[in-house]
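Chemist: predicted model follows, preceded by the sequence.
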Amino acid sequence: MPAPATPDLAVEKFLGSLPQDLGTVLAGEFEDLAEISARWNPNGQISVAVVLPDGSLYGMNEEVSRISASAVKPLWTAAALQGAGVEAVRPLAFDVLVMSDNSAGGRMIDLAGGVDAVNAWTWEVAELDDTRLEAWRFEDPGRVADDFRPDNPMGNRTTVADLARFYARLYRAELLGPDESSALMGWLRDTSHTLISPGDLDGALLDRLPPEVAASALHKAGWLKPNCCRADYRQMIDAGLVVLPGGGWFALAIVTSRGYYYDLSIQWVSLAGCRIYAVLAGDHELACDRDQDGIHDPEIWN
């Protein structure tokens, strides 16, 4: 019996299995998804980014700055892990990453050394130049950057390219030590991998993937929903890393913003995640569509 493939060989096999014209194939997929988004949510804006194990990036509007919401809480946690260690971070990790508790998120920023320390880690260690934390004032109105601008209420920004690169670098163990990397990836596997009820938000990215694939994936979602924010701030953003059955993997980040029908925004993120997975996994039999796709239900989100 041949020896099991090592991770490096599995990655090489995965990369070798991809279409030679992958860029063209994904560009066509992104265009189709953009057309669907335009039909479902005519005012919506979308961004998609995919990063492969070799570092290659594919996307649509991938460098457009977006409100980061809670999708960047894994970055704050990584910064805290580097500064304070696993045991100091562990008591906050579930509330921050799984429950997405904003007050706990603020305490995670504090543990990392504050807003400016988080930004320093983001720019200098993770090398994510387009991600910035301006303020996180839950329970502490003074938790702001040194150059905080009060007239800029949505100053916490990122791009889907930065988010996808973060997950790829985390999985390649380029950001943290072995213990810290293992802990963070474990916590990110504990997040929701499905949409249990129609009003759910967390789990959108992985909801339509094969269950065994979703169970091994890492991800963290963020949202600005209708009962929180005015229409031009509404957003669903989800990012993570999907490990394929053969050992290959890819990082993925998706955002849809300003859509009037928020339930359709959630549907679209799930559909996009599934269709991109099907292309990269070569799973042409995977059924990504659902019967109620594109049909707004006012009982879910007004």
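Modeler: Structure's in. What do you need? None of the values given here were measured: they were computed from a predicted structure.

Chemist: how about the secondary structure of the residue nearest the centre of the chain?
Modeler: In the chain, the centroid-proximal residue (CA atoms, centre = their mean) is residue 239; its distance is 1.2 Å. In three-state terms, and counting by DSSP: H, G, I helix; E, B strand; the rest coil, residue 239 is strand.

Chemist: who's in contact with it?
Modeler: When contacts are counted by CB atoms under 8 Å, 6 or more residues apart in numbering, residue 239 touches 71, 160, 163-164, 166-167, 205, 219-221, 251-254. C-beta coordinates here come from the backbone N, C-alpha and C atoms, glycine included.

Chemist: show me these that map onto helices.
Modeler: Under the assignment DSSP state H, those contribute 160, 163, 164, 166, 167 to helices.

Chemist: would you check that the last one makes contact with residue 50?
Modeler: No: under the criterion of CB atoms under 8 Å, residue 167 makes no contact with residue 50, lying 10.7 Å away.

Chemist: overlap in contacts, these two.
Modeler: What both residue 167 and residue 50 touch, as defined by CB under 8 Å, 6+ apart, is the set 251, 252.

Chemist: for the closest residue to residue 175 other than its chain neighbours, give me its contacts.
Modeler: Closest residue in space to residue 175, ignoring its immediate chain neighbours: residue 169 at 5.2 Å, by CB to CB, 6 or more residues apart in numbering. Neighbour list for residue 169: 126, 127, 175 [criterion: CB under 8 Å, 6+ apart].

Chemist: state the distance from residue 169 to residue 126.
Modeler: As judged by CB to CB, to the nearest Å, residue 169 and residue 126 stand 7 Å apart.

Chemist: tell me, what's touching the two both at once?
Modeler: Joint contacts of residue 169 and residue 126 (CB under 8 Å, 6+ apart) are residue 175.

Chemist: how about stretch 290-302: buried residues?
Modeler: For stretch 290-302, burial by neighbour count (16 or more other CB atoms under 10 Å) applies to 296, 300, 301.

Chemist: okay if I get the residues you listed as CSV plus distance to residue 109?
Modeler: Converted to CSV, these look like this (distance: CB to CB, whole Å):
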residue, distance to residue 109
296, 36
300, 32
301, 29
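
Chemist: so which of those sit within strands?
Modeler: Judged by DSSP state E, strands contain none of the buried residues of stretch 290-302.

Chemist: now, which of the residues you listed sits nearest residue 212?
Modeler: Residue 212 has its nearest neighbour among the buried residues of stretch 290-302 in residue 300, at 28.2 Å by CB to CB.

Chemist: give the contact list for the closest one.
Modeler: Contacts of residue 300 by CB under 8 Å, 6+ apart are 198, 199, 262, 263.

Chemist: then residue 64?
Modeler: Contacts of residue 64 by CB under 8 Å, 6+ apart are 45, 47, 159.

Chemist: ditto for residue 152
Modeler: residue 134 are the contacts of residue 152 under CB under 8 Å, 6+ apart.

Chemist: quick one: low-confidence ranges for the stretch 51-200 of the chain?
Modeler: 153 (pLDDT under 70).

Chemist: quick one: the helices in it?
Modeler: Counting by DSSP state H, counting those that start in this stretch, the stretch 51-200 of the chain has helices at residues 73-84, 86-93, 102-112, 115-120, 160-171, 178-189.

Chemist: circling back: can you pull the pLDDT of the residue nearest to the centre of the chain?
Modeler: Residue 239 is assigned a pLDDT of 98 by the prediction.

Chemist: give me the beta-bridge partners of it?
Modeler: Under the criterion DSSP bridges, residue 239 forms beta bridges with residue 220, residue 253.

Chemist: Three-state assignment for the nearest residue to residue 196 once chain neighbours are set aside, please.
Modeler: Distances taken as CB to CB, 6+ apart put residue 203 closest to residue 196, at 7.4 Å, once the chain neighbours are dropped. Secondary structure state of residue 203, per three-state DSSP, is coil.

Chemist: ok, the closest residue to residue 283 other than its chain neighbours - contacts?
Modeler: In space, and not counting its chain neighbours, residue 283 is closest to residue 277: 7.1 Å by CB to CB, 6+ apart. Counting by CB under 8 Å, 6+ apart, residue 277 touches 209, 213, 242, 252, 283, 286.

Chemist: and residue 10, what's its pLDDT?
Modeler: 92.
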